[in-house]
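A.B. asks: how would this look folded up:
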Amino acid sequence: MNAGVISRYVGIALICNAFFMLLSAAVSAIYGFDSSFSPLLVSCFLTCLFGVFPLIFVRGGRDINTREGLAILLLAWFISCLFGMLPYVLWGGDFTLINAWFESASGYTTTGATILSEIESLPHGLLFWRSSTHFIGGLGVVVFIIMFLPAVGTVGFRMSKMEVMDVSRSNFRYRFKKLIRVFVTVYLAITVLSFVALLLSGMSPFDAINHAFSVVSTGGFSTRNLSIAAYDSPLIEFVLILFMVVSSIHFGLIYASFATRSAKIFKDPATKFYLMTILISSVLVAISLMLRGGETSLFQALRNGTFAVVSTMSTTGFAISDTSVWPILSILVMLYISVQCGCSGSTCGGVRSDRMLLIFKGVRVQLARMAHPNAVLQVKSGGQVVDKELIPSVFTYLFLYLFVVLVGSVIYVMTGMDLMESVSSSISMMSNIGPAFGKFGSMANYADASQVAKFAMAIQMIVGRLSIYPVLLIFTLFRKRF
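C.D. replies: As a prediction, this is how the structure comes out:
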């Protein structure tokens, strides 16, 4: 394995981060050179220095093998999170080393969990940097690397296979180079459109761009202590619901629908399953809230329920109400959708609706085979027969997902968290949602979690963002080598 080649590509990722640090410093300058200007400028210099160094001394042009591709992927994420800590640590305040690590990992993995209780006290430059980490992480650090490669080729293809899941590529097929252009085009289009829509809905330009970065990446960092509840605006909530749904649908399908002027989105089985889950879950939560008697009207129950369901299923994590005090039926619904989440080929996390649909179809076919042993039955999706090797792989992924959730829950219980907080936090970190239940609910933060729990949560965020397999695969490859 060539360490020089790996460092070269990771260096490109650091340069991308340095660019956004410089942009954040410019925002700080616009707002009167606030207290984040110097930390951001120093962070930009150090990050750029470490990024440029391997580009100068390591010759490019060499192809990479699978082990090197995996190493680039993991190191790009971990080192980006490490250097992303610099503005927080240099600024100070609540940002101890472990808190800065948590906030940085939460930003890049688009989890949106925070240790801050007074978000509005942060200077504008640092607020913009938090949102920028969402923007970078949403499309993936590796995609940013590919964008800057002079020639894509095998390097980009291997990286894309780790960033864009097989389930997603089976739903909509593009050649690799076009796939990257499609994802970047849709990502930027959603960013611009959501920014304009939020601006017209009454947000200030600064709040609108920060929330646009969060919504397109399905991240959840807000510039307000009370998240979206601070605006108390049904119009803003509607706009966010619309763009949260769009951002959690396969980007290839969105592109194809506009390119061909057709309704490909609504013909896709996974998308229909996802939208139907949102509808059913929203109704169930609204009914549960009405039965509890805490909601003043059906409109308020539907408003709170729909926003929370969409925010959770899209793994964005915005909030307009405190879900931790909701009745048990609502919490159970929220826990399930926290596992399923949105569609493959988008910026959302979780098991994803594509896999859950295939799991349900696989279970149904297996039960039919038990009832009719001699029948020839196949799993179909959208009228097409699903590759028989895909069904075991989605069951394997679900098992691995639940296993990591279990391990995380055990660790959090051992740090003093109760069972509900531990399980819901573990699911939230793995699905990159942000809010959990109990004292880590939608209107709270993770400041009271122990240092061990915060460190483990950050690791779990990264494992969830990488969809588990790349992390396991690199350990397998290195174990075989030694």
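
A.B. asks: Looking at the protein, which helix is longest?
C.D. replies: Taking DSSP state H as the criterion, the chain has its longest helix at helix 3-30.

A.B. asks: So which bits of it are buried?
C.D. replies: By neighbour count on 16 or more other Cβ atoms under 10 Å, the buried set for helix 3-30 is 5-25, 27-28. C-betas here are computed from N, CA, C, even on glycine.

A.B. asks: So which residues of the stretch 351-482 of the chain form strands?
C.D. replies: Under the criterion DSSP state E, counting those that start in this stretch, the stretch 351-482 of the chain contains strands at 380-381, 384-385.

A.B. asks: JSON lines for those, including mean pLDDT and mean neighbour count?
C.D. replies: JSON lines is the format used below for these (pLDDT from 0 to 100; neighbours: other Cβ atoms under 10 Å):
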{"stretch": "strand 380-381", "mean pLDDT": "78", "mean neighbour count": "15"}
{"stretch": "strand 384-385", "mean pLDDT": "80", "mean neighbour count": "10"}
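
A.B. asks: Out of those, the one nearest residue 470 is which?
C.D. replies: strand 380-381 (25.1 Å; Cβ to Cβ).

A.B. asks: Within the sheet, what are the partner strands of that closest one, with directions?
C.D. replies: Strand pairing for strand 380-381, using DSSP bridges, gives strand 384-385 (antiparallel).

A.B. asks: Give me the phi and psi angles of residue 220.
C.D. replies: Per-residue torsions, residue 220: phi 120, psi -10 (degrees, to the nearest 10).

A.B. asks: what's the burial count for it?
C.D. replies: 31 (other Cβ atoms under 10 Å).

A.B. asks: ok, now how distant is the closest residue to residue 359 other than its chain neighbours from residue 332?
C.D. replies: Counting by Cβ to Cβ, 6 or more residues apart in numbering, residue 359 lies nearest to residue 394, which is 5.8 Å off, once chain neighbours are set aside. Note on residue 394: its distance to residue 332, by Cβ to Cβ, to the nearest Å, is 23 Å.

A.B. asks: Those two - which one has more neighbours?
C.D. replies: residue 394 (22 against 14).

A.B. asks: so who does the more buried one touch?
C.D. replies: Residue 394 sits next to 167, 355, 358-359, 362 when contact means Cβ atoms under 8 Å, 6 or more residues apart in numbering.

A.B. asks: With residue 305 instead?
C.D. replies: Contact analysis of residue 305 by Cβ under 8 Å, 6+ apart lists 282-283, 285-286, 288-289, 330.

A.B. asks: and with 7 Å instead?
C.D. replies: Contact analysis of residue 305 by Cβ atoms under 7 Å, 6 or more residues apart in numbering lists 282, 285-286, 289.

A.B. asks: cool, residue 322 as well?
C.D. replies: 441-443.

A.B. asks: Over to residue 330?
C.D. replies: Shown in contact with residue 330 (Cβ under 7 Å, 6+ apart): 285, 288-289.

A.B. asks: Which one of the residues you listed sits in the busiest neighbourhood?
C.D. replies: Busiest of these [other Cβ under 10 Å] is residue 285, holding 29 neighbours.

A.B. asks: Surely that residue and residue 310 touch.
C.D. replies: No. Checked against Cβ atoms under 7 Å, the pair residue 285 and residue 310 is beyond contact range at 10.9 Å.

A.B. asks: still on that earlier bit, mind checking which of the contacts of residue 305 land in helices?
C.D. replies: Of the positions in those, 282, 285-286, 289 sit in helices, assigned by DSSP H.

A.B. asks: Considering these, which is situated nearest to residue 346?
C.D. replies: residue 282 (19.4 Å).

A.B. asks: How confident was the prediction at the closest one?
C.D. replies: Looking at residue 282, its pLDDT stands at 96.

A.B. asks: ok, now residue 173?
C.D. replies: Reported pLDDT for residue 173: 49.

A.B. asks: Also residue 261?
C.D. replies: According to the prediction, residue 261 has pLDDT 82.

A.B. asks: Distance of it relative to residue 127?
C.D. replies: Residue 261 is 39 Å from residue 127, where distance means Cβ to Cβ.

A.B. asks: Counting neighbours, go ahead and name the busier of the two.
C.D. replies: Counted by other Cβ under 10 Å, residue 261 and residue 127 do not tie: residue 127 has more neighbours, with 25 against 7.

A.B. asks: Now for the residue nearest to that one when sequence neighbours are not counted: which residues touch it?
C.D. replies: Closest residue to residue 127 apart from its sequence neighbours, by Cβ to Cβ, 6+ apart: residue 223 at 5.3 Å. By Cβ under 7 Å, 6+ apart, the contact set of residue 223 is 119, 127, 207, 210.

A.B. asks: Apply 8 Å and report the result again.
C.D. replies: Contacts of residue 223 (Cβ under 8 Å, 6+ apart): 119-120, 127, 131, 206-207, 210-211.

A.B. asks: looking at this, it is in a helix?
C.D. replies: No. Applying DSSP: H, G, I helix; E, B strand; the rest coil, one finds residue 223 to be coil, outside a helix.

A.B. asks: separation between it and residue 137?
C.D. replies: Residue 223 is 18 Å from residue 137, by Cβ to Cβ.

A.B. asks: how about the residue nearest in space to the middle of the chain, what does it touch?
C.D. replies: Taking Cα atoms, centre = their mean, the centroid of the chain lies closest to residue 110, which sits 4.0 Å from it. Residues counted as contacts of residue 110 (Cβ under 8 Å, 6+ apart) are 134, 137-138, 217-220, 315, 347, 349, 432, 465.

A.B. asks: Relative to residue 48, which of those is nearest.
C.D. replies: Looking across these and measuring by Cβ to Cβ, the closest to residue 48 is residue 137, at 19.0 Å.

A.B. asks: Look up the closest residue to residue 244, ignoring the ones flanking it.
C.D. replies: In this structure, residue 244 finds its nearest non-sequential neighbour in residue 314, 4.1 Å apart by Cβ to Cβ, 6+ apart.

A.B. asks: re earlier: in helices only, show me the contacts of residue 223.
C.D. replies: Among these, the members falling in helices (DSSP H) are 127, 131, 206-207, 210-211.

A.B. asks: Quick one: low-confidence residue ranges for the stretch 101-250 of the chain.
C.D. replies: Within the stretch 101-250 of the chain, the ranges that satisfy pLDDT under 70 run 141-177.

A.B. asks: one step back: drop anything exposed from the contacts of residue 223.
C.D. replies: By neighbour count, with 16+ other Cβ under 10 Å, these hold 119, 127, 131, 206-207, 210-211 as buried.

A.B. asks: now the ones in helices among the contacts of residue 223 as TSV including distance to residue 81?
C.D. replies: As requested, these are exported to TSV (distance: Cβ to Cβ, whole Å):
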residue	distance to residue 81
127	19
131	16
206	25
207	25
210	20
211	22
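
A.B. asks: out of those residues, which one sits closest to residue 473?
C.D. replies: Residue 473 has its nearest neighbour among these in residue 131, at 31.4 Å by Cβ to Cβ.

A.B. asks: what sits against that closest one?
C.D. replies: Each residue near residue 131 by Cβ under 8 Å, 6+ apart is listed here: 209-211, 213-214, 219, 221, 223.

A.B. asks: ditto for residue 385
C.D. replies: 378-379.

A.B. asks: beta partners for it?
C.D. replies: Beta bridges link residue 385 to residue 380, judged by DSSP bridges.

A.B. asks: Sketch out the low-pLDDT regions of the stretch 251-400 of the chain for me.
C.D. replies: Using pLDDT under 70, the stretch 251-400 of the chain drops low at 293-296.
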